[in-house]
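Visitor: Please work out how this folds:
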Amino acid sequence: MTLGVGKPVPAAAETPSVGTEARDAADDPEIWVDPKNPGRGVVIGTDKKAGLYVYDLAGKQLQYVPGGMPNNVDLRDGFPTAQGPRVLVAASDRGRPGAGAALFLLDPATLRLALWGEVPVDLAEPYGLCLARRGDTFLVIVNGTDGQVRQHTVAAGADGKPLFREERRFAVPSQPEGCVVDDATGRLYLGEEGAGIWRFDLGTGPAKGEIIARAPSGMLKPDVEGLTLLREGASTYLIASSQGDSAFAVWNVEGAAPRYRGRFSVMASGGVDAVTGTDGVAALGGQVGAFPQGLVVVQDDEDQGATGGRQNFKLVDWRAVKAALGL
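Guide: Numbering: from 1, shown residues only. A predicted model of the protein is given here:
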């Protein structure tokens, strides 16, 4: 892959390469910050051939949880369990027998991640995943390579095991993957890799969707991959991976109609190589460790200098993105 064509933004830090020697292994990240102490938190990243990695907010590896073939990962704070609130972490998983989603719990006191349960999903090949919260209800949304989407509720049962129930199903015309939910507005954003970004309501009735950004276009060059949201004051930004030209497209989505703001690409800086062929992306506004206004984490298709061309995740200061796009 060639260098990205978006407005240049410097990489701030990076994680070690994933341990899998085969390429195309790192895929999707997510970020959690302690609401009581923004200096504490983790980045969770998938190795879709082997398991999950947990990093600190500077990119240092803290933990590796082997098992399965986790592709996309997402999380929600404040999940009630008998042991107290936990961070619910879920990953779409094609590698655990009988499972379509693997559920984990992160202990906010220790920052340790543990497998909680494996739940079946009625899909031929589970692929993308995102979580949502609607009031006190936690939702797991999984999509498959054939365009099918399943929306489930999840809770901890009396026996401590997951209670997982399908709530509705719908589909897009071709293969999707990345998705993200704006809990505040009840909107689900779903990337159809070769066609663009859909927006759906997060209700329980028939899904009503519309394409808000098409691909290929000046905004997106297929494949459309990771999607994430970043909130900053009254603004909510949707960020999408434009894998075909190693760029990231940004929209304001707090209003009724999305407002396109431009594209950026992550370039080499301070000994960290540039991002090419990017897949997953995660973002979080506000103080995130050493990043005072927010952090963006992106997958890099080839970590330069790594044995066998392995992949990793790059960390980007949100201030640099804002400066590049004039946000």
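Visitor: so what pLDDT did Ala306 get?
Guide: Confidence at Ala306, expressed as pLDDT, is 66.
Visitor: Verify the stated contact: Ile31 with Leu284.
Guide: Yes - contact criterion Cβ atoms under 8 Å: Ile31 and Leu284 qualify, at 4.4 Å. Heads up, the C-betas are built off the backbone N, CA and C, glycines and all.
Visitor: which residues are common contacts for those two?
Guide: Leu295 (Cβ atoms under 8 Å, 6 or more residues apart in numbering).
Visitor: what separates stretch 246-263 from the chain centre, distance-wise?
Guide: In terms of Cα atoms, centre = their mean, to the nearest Å, the centre of stretch 246-263 is found 17 Å from the chain centre.
Visitor: What's the end-to-end length of that stretch?
Guide: 10 Å (Cα to Cα, to the nearest Å).
Visitor: buried residues in that stretch?
Guide: Across stretch 246-263, burial judged by 16 or more other Cβ atoms under 10 Å covers 246-254, 258, 261-263.
Visitor: Tell me which two of those residues sit farthest apart.
Guide: Farthest apart among the buried residues of stretch 246-263 by Cβ to Cβ are Ser246 and Glu254. That separation is 27.4 Å.
Visitor: What are the phi and psi values at Asn312?
Guide: phi -150, psi -170 (degrees, to the nearest 10).
Visitor: Could you do Gln243 as well?
Guide: Residue torsions, per degrees, to the nearest 10, at Gln243 are phi -60, psi -30.
Visitor: Then Ala323?
Guide: phi -70, psi -40.
Visitor: Relative to Val316, how far out is it?
Guide: 12 Å (Cβ to Cβ, to the nearest Å).
Visitor: Comparing these two, which shows the higher neighbour count?
Guide: When Ala323 and Val316 are compared on other Cβ atoms under 10 Å, the one with more neighbours turns out to be Val316, at 26 against 13.
Visitor: Would you confirm that that one contacts Val266?
Guide: Yes - with contacts counted by Cβ under 8 Å, Val316 reaches Val266, the gap being 5.7 Å.
Visitor: and for these two, which residues touch both?
Guide: Val9, Pro10, Ala11, Val298.
Visitor: Just grab the bridge partners of Gly45 for me.
Guide: With DSSP bridges as the criterion, Gly45 is bridged to Pro29, Tyr53.
Visitor: count of residues packed around it?
Guide: Neighbours around Gly45, by other Cβ under 10 Å: 27.
Visitor: Thought Ala26 was touching it, still the case?
Guide: Yes - with contact defined as Cβ under 8 Å, Gly45 counts as touching Ala26 (6.2 Å).
Visitor: Wasn't Leu62 part of a helix?
Guide: No - according to DSSP: H, G, I helix; E, B strand; the rest coil, Leu62 belongs to no helix; its state is strand.
Visitor: my read: it touches Asp56, true?
Guide: Yes - between Leu62 and Asp56 a contact is recorded at 5.6 Å, counting by Cβ under 8 Å.
Visitor: which residues are in contact with both of the two?
Guide: Joint contacts of Leu62 and Asp56 (Cβ under 8 Å, 6+ apart) are Val42.
Visitor: Now, the buried residues of stretch 246-263 that are in strands?
Guide: Among these, DSSP state E puts Ala247, Phe248, Ala249, Val250, Trp251, Asn252, Arg261, Gly262, Arg263 in strands.
Visitor: need those in TSV with pLDDT and distance to Ala158, can you?
Guide: Output for these, formatted as TSV (pLDDT from 0 to 100; distance: Cβ to Cβ, whole Å):
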residue	pLDDT	distance to Ala158
Ala247	97	48
Phe248	98	44
Ala249	98	45
Val250	98	44
Trp251	98	43
Asn252	98	44
Arg261	98	47
Gly262	98	50
Arg263	98	49
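Visitor: Identify the residues contacting the one helix or strand Val154 maps to?
Guide: Using DSSP states H and E, Val154 falls within strand 148-156. Residues outside strand 148-156 that contact it (Cβ under 8 Å, 6+ apart): 79-82, 88, 90, 100-101, 103, 119, 121-124, 137-144, 162-172, 176, 190, 207.
Visitor: Please report how far the closest residue to Ala26 other than its chain neighbours lies from Gly59.
Guide: Computed as Cβ to Cβ, 6 or more residues apart in numbering, the closest residue to Ala26 that is not its neighbour in sequence is Gln311, at 3.7 Å. Plainly put, Gln311 is 14 Å away from Gly59 if you go by Cβ to Cβ.
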